[in-house]
Structure formats: structure tokens, C-alpha cells
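Could you look at this predicted model? Sequence included:
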Amino acid sequence: MNAPARPGPPYPTAARLGVIEPFHAMALFRRAVAREAAGRSVIHMSLGEPDFGAPPAVVAALDAAIRAGQAGYTPACGITPLREAIAAHYARVHGVDVAPQRIVVTAGATGALQLACALLLDPGSEVLMPDPTYPCNRHIVSAFNATTTLIPAGPEKRFQLDAADIAAHWGPRTRGAMLASPSNPTGTTIAPAQLQAVLDALRARSGFLVFDEIYNELTYGAEKPRTALALGDDVIVLNSFSKYFCMTGWRLGWMVVPEALAADVEKLAMNLFICPPATAQHAALACFAPESIGIYEQRRAEFARRRDFIVPALRELGFGVPTEPDGAFYVYADCARFGVPSEQLADRLLDEAGVCLVPGIDFGVQDAQRWMRVTYSTSLERLHEAVERMRRYLATP
Ligand SMILES: Cc1ncc(COP(=O)(O)O)c(C=O)c1O
């Protein structure tokens, strides 16, 4: 039977809809949920969401905030104690002095990305990004009628841009670059010297650097990478309570902007969002309490253990992991060896092995069908089970 025809729009809609794509990961996720509803098991290794919730002190602070009626509008850039707590976090963890007035609390890093685009882009402006990259970046750029230049960044460069890329792809409409370290989907950080060179190349062209540090506290090397704020007050840094702080649905993040732009960002924030969620802001103060940080650091160690299991296990299954992921909770795995496009492989692994992964097409165009994002934000026990399921499926002739 043919599917019923979708009704056409009742009136013309914006042309930008033609360039904004849905997440393929969400379509797969919906299929995974349907499979579970039909009584079949799925191991979710697709969405980028920690399997831990907010620690007890944060939940208690939320409860107290609601009881105290701290649920009205707040200042557009967030409550002062939270901006101060974030500034203190930069001083404690990174040894960097950031004035609280430069910190804008937002509705997730997504709210920060929208503010950054509203601040920096005109219709027709171009933004440089690595391919692969977090897809919302380019879609939010499109929502502001600007365009993205995706620059191929393969494993030999740890999937990050370098200064030569900035020079080679800079054009008359280019305004700057958006990078993330560690990156989603690759889990790889940018080397400090490479970042400095990228920033120098951007400064030489009066370009901006929007640097997404949402996974910065989730890194597994001997030392945590220092924030890019240490490189100068001109860098715009994004961060969030979603990942390290395990509060995805609370919709809270922040952005650090140059002092000279703070008033403009405030003007945009009050118009676009009025304010970030009030109760979440009051609760988030407890994220920085020593007992919460202790819990977050234990979880970071657990993510490192999971990475140390999954990377060699994937290699043993036949996936290529040509460069060691050192942060976030992602591995960008090369599926070339299996001889089918990653989109098909993801379908088959879901349907026949009950393991949900995300094919590269969500993250870029360059060799996208070769790559698969594997998310390890699930327990070690489930990861072992997922590897066994994939082993059985891949061994089937
Ligand atoms: C690199 C990156 N930036 C931003 C976001 C958005 O996060 P938030 O929940 O803070 O809006 C995500 C979410 O997965 C991400 O991976």
C-alpha cells in the first residue's frame, strides 16, 4: 500500500528549510525505540548523552530552588552567583582569570551557538568548519542565512583543522571558524600548538574563533587541556552543563565573550531567549561543590575505562581507529573493511544485532559512508555485550 501523501504547506515557508537537515541519528533512534517496544533488546550507542544523572547535591538544590519559588525570569545573561561560580571554575581548573561579566549563561551550548551566530554572521557570511563536525553548527549557521565551508579533516590531522586550512579556504565572505575540542564525532582534541597557529591565522584575517569546549573536562590524557580562553580574550568559548555535568535535559550552558561584545550579546539574549531556565541555574550552583566535583571526576575515570575497553575491541572486530580518541565519549571508527556504506551497516547492526550506532553522514560529506560514530556513554557491561553482538553479526557469512 502506498504511504498517504504528505499535505503541502498551507503557505510558502523559508528557503533555509532546504539546507537544514534532520539528524539521521534521531531516525535510527526512533527505529531503535520501536524495536524495543516490540520486545527486542537494543544497546544504545548513538545519542551523545551521559548515562549518569545530576549528582545528589544538584538534585537537592533543584528541589530547594523550586520550593523557594526561584522560578521566575532571571537576568538575560544568567544569575550573578552562577556567572561567578563559572568564573571561579576557570580559575580553579585552568588558572585563567575570566571576569563574570564576560560569561553569558545560555539554554545549553545550543543557545550559545545561536547567540554566537546572531552576533557574528550576516546573510551570506561563510564559516569554516572541519569535516566531520557536529551537525547543528552548520545548521544553525544556515538558520542565520550564512553558509558553511566544510574542510576535509581526516585522521592524519586528528580530524582537526590547521593554520594551512584557514589560509587555503579563506575567502572574501569568510568571517571565522568554529572548532570543537575534543570533537564530536571523533573524540579527538586539537594539539595546543595547532590551536595557537589556527588562532594566529584567524587573527591575521580579522576572523573570529568560536571554540566549543563542551567536552573539555571529559578528557583522558595525563593533563586536562587548558581552555582556549588562556590564548586571549578574543576567543569565544562555548560550554555546557550537558556533558561533564550530566544535565542534558536541564538545558543549561554558557559562552564566554570578549568584554567589548558583552552588551551586544546581552541584547540578543534578552530578545531571543529572555533568560536561561531559572531553576536549572540555581541548581547548577551545586555542580561546583567539592562533593559534586568528586562524583564528576569518578565518572570521568569511568569514561576513560570505557574508552580503554572499546577502542581495542573495535579494532579487534575489524573497525579502523587510526587515531586515538582522547576525550568526549565517541570513537570515529572506519568501516571500510566491511565493504558496505556505514549507513547500511548501521541499519544492519540495529536490525540484526540490536546495536545502535550513528553513520558518518550525520557529520559531513567527505568519506562519510566510510565512518561510524560509536558512543561509549553506556556501562562497561553493556559495552561488552554490544561487542559480543557485533562479533556474532560480523562473523555471519
Ligand atoms: C560539540 C557539541 N556542541 C554542542 C552540543 C549541544 O549541547 P547542549 O546540550 O549544551 O545544547 C553538543 C551536543 O551533543 C555537542 O556535541
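Happy to help now that I have it. Numbering: from 1, shown residues only.

Which parts of the stretch 251-397 of the chain are strands?
Using DSSP state E, counting those that start in this stretch, the strands of the stretch 251-397 of the chain run over residues 253-256, 330-334, 355-356, 358-359, 371-375.

and of these, who's closest to Leu314?
Evaluated with CB to CB, the strands of the stretch 251-397 of the chain place strand 330-334 nearest to Leu314, the distance being 5.2 Å. Placement of C-beta: from N, CA and C, glycine included.

check which helix or strand covers Val127.
According to DSSP states H and E, Val127 maps onto strand 126-131.

and that strand, which residues are buried?
By 16 or more other CB atoms under 10 Å, the buried positions in strand 126-131 come out as 126-131.

Now for the residue in the stretch 251-397 of the chain that the ligand sits nearest to, how many residues are close by?
Per CB to the nearest ligand atom, Gly253 is where the stretch 251-397 of the chain lies closest to the ligand, at 4.2 Å. Close neighbours of Gly253, defined as other CB atoms under 10 Å, add up to 25.

Quick check: the gap between Ala163 and the ligand.
Counting by CB to the nearest ligand atom, to the nearest Å, the gap from Ala163 to the ligand is 22 Å.

hang on, that residue packs against Ala201?
Yes. Contact criterion CB atoms under 8 Å: Ala163 and Ala201 qualify, at 4.1 Å.

chain center to stretch 218-233, what's the gap?
16 Å (CA atoms, centre = their mean, to the nearest Å).

What residues sit buried inside that stretch?
For stretch 218-233, by 16+ other CB under 10 Å, it's 218-220, 225-229, 231.

Determine which two of those are furthest apart.
Spanning the widest gap among the buried residues of stretch 218-233 are Tyr220 and Leu231, at 22.4 Å by CB to CB.

ok, the nearest residue to Leu394 once chain neighbours are set aside - how many residues close by?
In this structure, Leu394 finds its nearest non-sequential neighbour in Leu317, 6.1 Å apart by CB to CB, 6 or more residues apart in numbering. Neighbour count for Leu317, taken as other CB under 10 Å: 16.

Columns distance to Gly176 and pLDDT on top of the buried residues of strand 126-131, output as TSV?
As requested, these are exported to TSV (distance: CB to CB, whole Å; pLDDT from 0 to 100):
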residue	distance to Gly176	pLDDT
Glu126	9	98
Val127	6	98
Leu128	7	98
Met129	10	98
Pro130	14	98
Asp131	17	98
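
For the stretch 201-350 of the chain, which residues are neighbours of the ligand?
Residues of the stretch 201-350 of the chain lying near the ligand by CB under 6 Å from any ligand atom: 212, 214, 240, 242, 248, 253.

can you put the strands of the stretch 251-397 of the chain in JSON lines and add mean pLDDT?
Compiled in JSON lines, those are given as follows (pLDDT from 0 to 100):
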{"stretch": "strand 253-256", "mean pLDDT": "98"}
{"stretch": "strand 330-334", "mean pLDDT": "98"}
{"stretch": "strand 355-356", "mean pLDDT": "96"}
{"stretch": "strand 358-359", "mean pLDDT": "96"}
{"stretch": "strand 371-375", "mean pLDDT": "98"}
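
Out of those strands, which is closest to Phe52?
Across these, Phe52 has its closest neighbour in strand 371-375 (13.8 Å, CB to CB).

how distant is that closest one from the center of its chain?
In this view, strand 371-375 has its centroid 14 Å away from the chain centroid, taken as CA atoms, centre = their mean.

Can you get me a residue count around the closest residue to the ligand within the chain?
At 2.7 Å from the ligand, Gly108 is the closest residue in the chain, using CB to the nearest ligand atom. Using other CB under 10 Å, Gly108 has 24 other residues around it.

can you pull the contacts of it?
By CB atoms under 8 Å, 6 or more residues apart in numbering, the contact list for Gly108 reads 240-242, 251-253.

list the contacts for the closest residue to Val256 other than its chain neighbours?
Closest residue in space to Val256, ignoring its immediate chain neighbours: Val237 at 4.5 Å, by CB to CB, 6+ apart. The contact partners of Val237, taken as CB under 8 Å, 6+ apart, are 211-213, 227-229, 255-256.

how about a cut-off of 7 Å?
For Val237, the contacting residues are 211, 213, 227-229, 255-256, by CB atoms under 7 Å, 6 or more residues apart in numbering.

On the three-state scheme, it is what?
strand (DSSP: H, G, I helix; E, B strand; the rest coil).

Bridged to it, which residues?
Applying DSSP bridges to Val237 gives these bridge partners: Phe211, Val256.

quick one: pLDDT of Ala5?
Looking at Ala5, its pLDDT reads 75.

so which strand or helix has it?
Ala5 is located outside every helix and strand, with elements delineated by DSSP H and E.

and Leu119, what element?
helix 108-120.

Work out the gap between that helix and the centre of the chain.
Helix 108-120 has its C-alpha centroid displaced from the chain centroid by 13 Å (CA atoms, centre = their mean).

Let me know the average pLDDT across it.
pLDDT averaged over helix 108-120 gives 98.

now the angle between strand 126-131 and it, please.
With axes from the mean of the first three to the mean of the last three CA atoms, to 10 degrees applied, the angle from helix 108-120 to strand 126-131 works out at 150 degrees.

returning to what we had before: which among the contacts of Val237 gets closest to Ala76?
Met255 (12.4 Å).

Make sure the closest one is actually in contact with Thr106.
Yes. Using CB atoms under 7 Å, Met255 is in contact with Thr106, at 5.8 Å.

give me every residue that touches Ala386.
So Ala386 contacts 43, 45, 355 (CB under 7 Å, 6+ apart).

for this structure, which helix is longest?
What stands out as the longest helix in the chain, according to DSSP state H, is helix 290-317.

Which of the residues in that helix are classified as buried?
Under 16+ other CB under 10 Å, the buried positions of helix 290-317 are 292-293, 295-296, 299-300, 303-304, 306-307, 310-311, 313-314, 317.

Then stretch 191-204?
For stretch 191-204, by 16+ other CB under 10 Å, it's 194-195, 197-199, 201-202.

tell me the mean pLDDT for that stretch?
For stretch 191-204, the per-residue pLDDT averages 97.
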